[in-house]
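Student: I would like the atomic coordinates for the input below:
(2 chains)
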Amino acid sequence: MRVVANPRGCIGAGQCVITAPNVFDQDEDGIVVVIEERPGDADLADVRDALDLCPSQSLALTN
Amino acid sequence: MSNPAQLVDFPLRRPGQPYPPKQYADFRSREGLVWSHMPTGAKVWLVTKYDDVRAVLTDPRISSSPRHEGFPSVGRTGGVPNPDQVPGWFVALDPPDHDRFRKALIPEFTVRRIREMRPSIQEVVDHRIDGLLAAGSEADLVHDFTSAVPSLVISALLGVPHVDRDFFEARIRLLVTMSSTHDQRDQATREILRYLSRLILVKQKRPGDDLISVMLASGTMSLQEISGAAMLLLIAGQETTANNMALGMVTLLLNPQWIGDERAVEELLRYYSVADMVALRVAVEDVEIGGQLIKAGEGIVPLVAAANHDSGVFERAGDFDPSRSARHHVAFGYGVHQCLGQHLVRAELDIAYRTLFERIPKLELAVPVEELAFKYDGVVFGLDSLPVRW
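Tutor: Numbers count the residues shown, from 1 in each chain, chains lettered A, B, ... in the order given. Alright, predicted model coming up:
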């Protein structure tokens, strides 16, 4: 599974960073950065939580 | 599609109810939404189910702007300032107007920035506790601690001199009290804006590393907009944090087994949801939410405390239980307006609880919990005072 973020929709809430810190970070402007595009199974559960928590719905998982 | 049920009056929190109103469970069990009367006489849709609240807060056909006809107000005399009255009041703007403000401020509220601020928050908390201990063995924690800490933190962040705390607190109180008159609100708003405009002129000449200077340097906001945005941050940063901190103190005193457990903060945010009715909205097109048709021009009040006590989403939602995962609560809202300062709030609550109970282990309530003065007239729920001793 590949993690995709939409930086244009991102509002910098940072929910992803505290939910899946191995996969997401924020850049200097507070916008989401994917630091691990293809996370292992251990991190995937956190990524799914982050998808649900993202208030601007700017995250997705694709094959 | 269900027909509107009978009209209910709102707000519903009544003396003796420190927790979200019992009627919310009844509302959630109904089909569709609840058609309600506000104190101003206006009718609005109350949204109480978790999924419906999230749907309202993310639907682009639903606006945050009081410029639209039908926008609700929770106070008896009017609610949030209009961005025409207070430029820079960006919670009441829709995208793309809203985005310019959020973009300028996000870098100062990232997870990393707030982590860097923890030592200075710790210093504020320690200093206040030194003061409590030096003054004796009893205190009003609201006045001496839970209001003071967020006020000191947000003032420092904005670059507002803290010696003027009393000036701001008196005026902010009028703005967050539902029964304030129009004139009281207008005057308080004018006085705060006048103070901030003068401060901004000073910072133009001598910039610092504070938020007002950051907004000035961004070059994307007018001086009036910076005053309005600073006023918004000052109120939001103080009122919600202070009230949550005070209510949480009571809960931790009554449930000491959770003191020091980091999960308590998230559960307390969910449990009290102090900004229950702050996220006001209006439909700008016809839209269906939870099977209910909302027509363009009808006001909507998504109740975050009701959503956070939805037992379909949070098992035994009425219990305070930090062992649950409460992360998906909507106490900070949802959608593009989700609280900008949420990580700051978490850091302040965590440091305050941890340090206070560690340094004053004998802390206890000085009055029975039933006698505490809860803010039933507040736009944000909380406590007027919290007498303790040790």
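Student: what's whichever strand or helix holds residue B:120 packed up against?
Tutor: Per DSSP states H and E, residue B:120 falls inside helix B:111-135. For helix B:111-135, the packing partners by 3 or more Cβ pairs under 8 Å, 6 or more residues apart in numbering or on different chains; DSSP states H and E come out as helix B:148-158, helix B:342-359. Placement of C-beta: from N, CA and C, glycine included.
Student: quick one: average confidence on it?
Tutor: The pLDDT scores in helix B:111-135 average 98.
Student: ok, and what's touching the very next helix or strand once past it?
Tutor: On the C-terminal side of helix B:111-135, the closest following helix or strand by DSSP H and E is strand B:138-140. Contacts to strand B:138-140, defined as Cβ atoms under 8 Å, 6 or more residues apart in numbering or on different chains, come from residues B:132, B:145, B:366, B:385-390.
Student: Among the residues you listed, which lie within strands?
Tutor: B:385, B:387-389 (DSSP state E).
Student: By neighbours, which of those wins?
Tutor: residue B:388 (23 neighbours; other Cβ atoms under 10 Å in any protein chain shown).
Student: Give the bridge partners for that one, please.
Tutor: residue B:139, residue B:365 (DSSP bridges).
Student: coming back round to it: taking the contacts of strand B:138-140, tell me the two that lie furthest apart.
Tutor: Of all pairs drawn from the contacts of strand B:138-140, the widest gap by Cβ to Cβ lies between B:385 and B:390 and measures 16.6 Å.
Student: In contact with residue 44, which residues?
Tutor: Let's take chain A. Residue A:44 neighbours (Cβ under 8 Å, 6+ apart): residue A:1.
Student: you looked at the wrong chain, it should be chain B
Tutor: B:10, B:35-36, B:38, B:72, B:298-301.
Student: got the phi/psi numbers for residue A:60?
Tutor: Per-residue torsions, residue A:60: phi -150, psi 160 (degrees, to the nearest 10).
Student: For the residue of the stretch 101-250 of chain B found nearest chain A, give its distance to residue B:15.
Tutor: The minimum distance from the stretch 101-250 of chain B to chain A, using Cβ to the nearest Cβ, falls at residue B:106 (3.3 Å). The gap separating residue B:106 from residue B:15 is 40 Å, by Cβ to Cβ, to the nearest Å.
Student: Show me what from the stretch 251-390 of chain B comes close to chain A.
Tutor: Within the stretch 251-390 of chain B, the positions near chain A by Cβ under 8 Å from any Cβ of the partner chain are B:327-328, B:333-336, B:338, B:342-343.
Student: And the residue most central in space within chain B, how far from residue B:328?
Tutor: Nearest residue to the geometric centre of chain B (Cα atoms, centre = their mean): residue B:240, 3.5 Å. Here the criterion is Cβ to Cβ. By it, residue B:240 lies 19 Å from residue B:328.
Student: Could you pull out the strands in chain A for me?
Tutor: Taking DSSP E as the criterion, chain A carries its strands at A:2-5, A:24-26, A:32-34, A:59-62.
Student: Quick check: which of the ones you listed has the most neighbours on average?
Tutor: Neighbour counts (mean count of other Cβ atoms under 10 Å in any protein chain shown) averaged over each of the strands of chain A peak at strand A:24-26, with a mean of 22.
Student: Do that strand and chain B come into contact?
Tutor: Yes. Using Cβ under 8 Å from any Cβ, strand A:24-26 comes into contact with chain B via residue A:26.
Student: rewinding a little: so which of the residues of the stretch 251-390 of chain B next to chain A are in helices?
Tutor: Among those, the ones falling in helices (DSSP state H) are B:342-343.
Student: Going by distance to chain A, which of the residues of the stretch 251-390 of chain B next to chain A wins?
Tutor: residue B:338 (3.8 Å).
Student: Chain B contacts on chain A?
Tutor: Looking at chain B, the residues of chain A close enough under Cβ under 8 Å from any Cβ are A:11-15, A:17-19, A:26, A:28-31, A:49, A:52-53, A:55-57.
Student: List only buried entries from those residues.
Tutor: A:11-15, A:17-19, A:26, A:30-31, A:49, A:53, A:55-56 (16 or more other Cβ atoms under 10 Å in any protein chain shown).
Student: Mind picking the one among the contacts of strand B:138-140 that's closest to chain A?
Tutor: Closest to chain A, out of all of the contacts of strand B:138-140 and judged by Cβ to the nearest Cβ, is residue B:145, at 26.1 Å.
Student: Could you check how many residues crowd around that closest one?
Tutor: 23.
Student: which one is it nearest to, not counting chain neighbours?
Tutor: residue B:128 (5.5 Å; Cβ to Cβ, 6 or more residues apart in numbering or on different chains).
Student: Give me the neighbour count for that neighbour.
Tutor: Residue B:128: 21 neighbours (other Cβ under 10 Å).
Student: doesn't residue B:147 make contact with it?
Tutor: No. If you go by Cβ atoms under 8 Å, residue B:128 and residue B:147 don't touch, sitting 10.3 Å apart.
Student: Of the contacts of residue B:44, which belong to strands?
Tutor: B:35-36, B:299-301.
Student: I'd like those residues as a markdown table, with pLDDT and neighbour count appended.
Tutor: A markdown table is the format used below for the ones in strands among the contacts of residue B:44 (pLDDT from 0 to 100; neighbours: other Cβ atoms under 10 Å in any protein chain shown):
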| residue | pLDDT | neighbour count |
| --- | --- | --- |
| B:35 | 92 | 17 |
| B:36 | 90 | 23 |
| B:299 | 95 | 22 |
| B:300 | 96 | 27 |
| B:301 | 94 | 27 |
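Student: circling back: among the residues of chain A next to chain B, which are located in helices?
Tutor: A:15, A:17-19, A:49, A:52-53.
Student: could you dump these to a markdown table with pLDDT?
Tutor: Formatted as a markdown table, those follow (pLDDT from 0 to 100):
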| residue | pLDDT |
| --- | --- |
| A:15 | 97 |
| A:17 | 97 |
| A:18 | 96 |
| A:19 | 97 |
| A:49 | 96 |
| A:52 | 97 |
| A:53 | 97 |
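Student: and the residues you listed, which two are the farthest apart?
Tutor: Farthest pair in these (Cβ to Cβ) is A:17 and A:52. Separation: 15.0 Å.
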